[in-house]
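# okay, structure incoming, though there's no sequence with it:
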């Protein structure tokens, strides 16, 4: 069995928001191979699934900027915020993504998360792609969230820019190596030909969110995702 199939099976349909936002950024650094390769194992697959080029390989006009904020926690779906700045215009979108692992055939991949996402979020058509990385095989699933209101994309950019690269202020707690490389917040930045990556380890714990705790960027992503959630159906009498 692959190194992350077991974890994926256990966490099939646990919503990201059901875990505490009681987190702090322990490290922020520019990642280099092979760590970056493992961090982007499923992220690049998600980008390709919706027809995007991985940001590190994309070509932007010299005066354009793009930021991709990947928020991966214990639950599903995972979040990808994409912000693009061209001149005075700043636009953005939120993609929901999840992976369905299989051992033998893609037709045997679990589909329970599909139903969970469609019932929980107002989301566009789901794009799917059979993906492979090393011994891992999975179906990469992505849909674009339909957001309520007008998000402040400039505020997202400002928060991203407030975190210098690189910067390490504390030692990360002892976590499983795979968790350190995949769970947390990964921020990609590209401006013209210049590209940078920062990965923030977060301490995720069970329980209700605590106001005032946690990485601000994580709170912003969660708040953005909350605007795409469907209204709960009223009980029938």
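In hand now; what should we look at? Predicted model only: the values in this text are computed from it and were never measured.

# list the buried residues in stretch 60-75.
60, 65, 66, 67, 68, 69, 70, 71, 72, 73, 74, 75 (16 or more other C-beta atoms under 10 Å). For the C-beta atoms, the positions are set from N, CA and C on the backbone; glycine is no exception.

# kindly report the same for stretch 190-201.
190, 197, 198, 199, 200, 201.

# am I right that the fourth one falls within a helix?
Put plainly, it is residue 199. No - judged by DSSP: H, G, I helix; E, B strand; the rest coil, residue 199 forms no part of a helix; its state is strand.

# circling back to that earlier point, any chance of the buried residues of stretch 60-75 in TSV, plus pLDDT?
Converted to TSV, the buried residues of stretch 60-75 look like this (pLDDT from 0 to 100):
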residue	pLDDT
60	91
65	94
66	96
67	96
68	96
69	95
70	94
71	91
72	87
73	81
74	78
75	81
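
# in the protein, where's the longest helix?
helix 216-226 (DSSP state H).

# what is it packed up against?
Contacts defined by 3 or more C-beta pairs under 8 Å, 6 or more residues apart in numbering; DSSP states H and E place helix 216-226 against strand 64-72, strand 78-86, strand 89-101, helix 153-161, strand 184-191.

# run the last query once more with 10 Å
Here helix 216-226 touches strand 25-29, strand 64-72, strand 78-86, strand 89-101, helix 153-161, strand 184-191, strand 194-202, going by 3 or more C-beta pairs under 10 Å, 6 or more residues apart in numbering; DSSP states H and E.

# let me see the mean pLDDT of that helix.
The average pLDDT within helix 216-226 is 90.

# poorly predicted segments of this protein, please.
1-36, 163-182, 201-215, 233-237 (pLDDT under 70).

# nearest to residue 51, out of the buried residues of stretch 190-201: which one, please.
Using C-beta to C-beta, residue 190 comes nearest to residue 51 of the buried residues of stretch 190-201, at 17.3 Å.

# residue 91 contacts residue 153, doesn't it?
Yes - taking contacts as C-beta atoms under 10 Å, residue 91 lies within contact range of residue 153: 6.4 Å.

# okay, the two: which has more neighbours?
Comparing residue 91 with residue 153 by other C-beta atoms under 10 Å, the one with more neighbours is residue 153, at 20 against 11.

# the more buried one - nearest residue in space that isn't next to it in sequence?
Closest residue to residue 153 apart from its sequence neighbours, by C-beta to C-beta, 6 or more residues apart in numbering: residue 92 at 4.1 Å.

# ok, that neighbour - how many residues close by?
Other residues close to residue 92 by other C-beta under 10 Å number 19.

# again with residue 224
Around residue 224 there are 22 residues (other C-beta under 10 Å).

# likewise the one 3 residues further on?
Residues within reach of residue 227, counting by other C-beta under 10 Å, total 14.
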